[in-house]
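Student: let's see this in three dimensions:
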Amino acid sequence: MIEIMRTMVSYLGSDHKHTALSGGDHLTCEREQGAKRHVQCSNTPGGRIEQLEPCIDGWHCVMNFMILIWQKLHKDSQEDYGTLSSLFARIGCSKAKKPKNDMHTCQAAFLKVFKGHIVTAGCKEFDIEGHKEVNQSLLSSVAQTVVKEFTVIPEALLGESVIDSGDKVHGYARVLCHFASLVLLFVDAWKEGDGERVIRLWKILMLHFHAEKKTKYALEALRLQFQLATLQPYLSHQLTWGRFINTHGGLGRNIPCDLHNEHINKLYKNIISNMGANFTKTASTWAARSVSSLHRISMAFDSPWPLTSRLTSTVKQQLTARGQMRRTSRQL
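Tutor: The predicted model follows:
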């Protein structure tokens, strides 16, 4: 790790005047911090690797939060009424089993179930059975009622006592909506590039990680707040607003930097896997430097041709978004 970090520093120049952020998941940050502690007695700033500041990124944090949600709410049995397993089977998302193995599928299925809960709660408040147009002036008061009755809110924030209905399915749905709203807020903040909202959500997730004994990410969330308060102003600004990247252009299409790194790592692994006996340290370095250019060339070559993957097995017809919401609402 020390050699890797010094290679990264070599791209920053030799004047040792500028510090750059080095983002990643908890394991990457932990190893970088250990490497800096190992060389902290060096005589020069370059030897102490002072030009790199390890920091935690958001996508892996949300993945660990999704794992926490699955541990609390997801069971293998599909017979329990109103649970995630039952609803996933109902809407055709039975592949959403482990966020660590398939984060995108689990996140998409979880948010579909959440939207079904919101539609059900809105229909209950408006006393309607289908999708009808309602007066826009009522939406604010109805949204407040839905949040109060169908999500988990501390009494200190609500300003009044929370009434427990005694319905276990309703209580389960309230916890599910609370967790799903946090995930949806994080995803929306990514897409819009809202760094301040991401930092606020980090504070909320820190409390959840601490309550569920996920001490490593709880400490990283706390360390992030310390970094924002103690780093130089330009680094604090970069740590807040430089957490996203947009590779396709357009509004609302940002993704976290660590997710972009995962995409690049996948491309890099595909390149070196085809080297065979020609794999050397020099070849690996050239592949790492050219992976983005090679990807653009391959995409430019494939895009003019209407190439589609041939299906080799029968695929079940997928439900539409409206059909998935209807099935979720009927079960709830």
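Student: and the next helix or strand past the worst-scoring helix or strand of the chain on mean pLDDT?
Tutor: None of the helices or strands of the chain scores lower by mean pLDDT, DSSP states H and E than helix 155-158, at a mean of 43. Sequence order places helix 168-192 as the next helix or strand after helix 155-158, per DSSP states H and E.
Student: which strands or helices does that following helix pack on?
Tutor: Secondary-structure packing of helix 168-192 (3 or more C-beta pairs under 8 Å, 6 or more residues apart in numbering; DSSP states H and E): helix 58-73, helix 103-126, helix 139-150, helix 195-211, strand 255-256. Glycine gets a C-beta too; all of them are placed from N, C-alpha and C.
Student: switch to 7 Å and redo it
Tutor: helix 58-73, helix 103-126, helix 139-150, helix 195-211 (3 or more C-beta pairs under 7 Å, 6 or more residues apart in numbering; DSSP states H and E).
Student: now what about the first one, what contacts it?
Tutor: This means helix 58-73. If you take C-beta atoms under 7 Å, 6 or more residues apart in numbering as the criterion, helix 58-73 is touched by 25-26, 84, 99-100, 103, 106-107, 175-176, 179, 183, 186, 190, 198, 205, 208, 212, 214, 217, 243, 256, 258-259.
Student: chain center to the helix or strand just after that helix: distance?
Tutor: Note on helix 58-73: by DSSP H and E, the next helix or strand toward the C-terminus is helix 84-91. Helix 84-91 has its C-alpha centroid displaced from the chain centroid by 22 Å (C-alpha atoms, centre = their mean, to the nearest Å).
Student: and the angle for helix 84-91 with helix 103-126?
Tutor: Following axes from the mean of the first three to the mean of the last three C-alpha atoms, to 10 degrees, one obtains 90 degrees for the angle between helix 84-91 and helix 103-126.
Student: still on that earlier bit, rank the helices and strands packed on helix 168-192 by pLDDT, which is bottom?
Tutor: Ranked by mean pLDDT, the helices and strands packed on helix 168-192 end with helix 139-150 at the bottom, a mean of 66.
Student: give me the domain ranges for this protein.
Tutor: As given by automatic domain parsing, the domain ranges for the chain are 1-56, 60-193+318-331.
Student: what's the least confident stretch among the ones you listed?
Tutor: Lowest mean pLDDT within the domains of the chain: domain 60-193+318-331, at a mean of 76.
Student: if we can go back for a sec, show me how to select, in ChimeraX, the buried members of the contacts of helix 58-73.
Tutor: Burial among the contacts of helix 58-73 is assessed by 16 or more other C-beta atoms under 10 Å; the matching ChimeraX selection reads:
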select :25,26,84,99,103,106,107,176,179,183,186,190,198,205,208,214,217,243,256,258,259
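Student: does the residue lying farthest from the centre of the chain count as helix, strand or coil?
Tutor: Residue farthest from the centre of the chain, counting by C-alpha atoms, centre = their mean, is N43 at 39.8 Å. Secondary structure assignment for N43 (DSSP: H, G, I helix; E, B strand; the rest coil): coil.
Student: how near is it to D25?
Tutor: 32 Å (C-beta to C-beta, to the nearest Å).
Student: again with V198
Tutor: Distance, V198 to D25, by C-beta to C-beta: 16 Å.
Student: what does E3 give?
Tutor: 20 Å.
Student: run a quick neighbour tally on R223.
Tutor: Counted by other C-beta atoms under 10 Å, the residues lying close to R223 total 16.
Student: cool, the one 4 residues further on as well?
Tutor: Here the count is done by other C-beta under 10 Å, and Q227 has 17 residues near it.
Student: verify the contact between it and C55 for me.
Tutor: Yes - if you go by C-beta atoms under 7 Å, Q227 and C55 touch, sitting 6.3 Å apart.
Student: find the residues that touch each one of those two.
Tutor: L239.
Student: would you mind listing the buried residues in stretch 222-242?
Tutor: Quick answer for stretch 222-242 (16+ other C-beta under 10 Å): 223-224, 227-228, 231, 235, 238-239.
Student: need those residues in CSV (columns: pLDDT and secondary structure).
Tutor: Output for these, formatted as CSV (pLDDT from 0 to 100; DSSP: H, G, I helix; E, B strand; the rest coil):
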residue, pLDDT, secondary structure
R223, 93, helix
L224, 93, helix
Q227, 93, helix
L228, 93, helix
L231, 90, coil
L235, 91, helix
Q238, 91, helix
L239, 91, helix
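Student: next, give me the two most distant ones among the residues you listed.
Tutor: Spatial extent of the buried residues of stretch 222-242 (C-beta to C-beta) is set by the pair R223 and Q238 at 16.2 Å.
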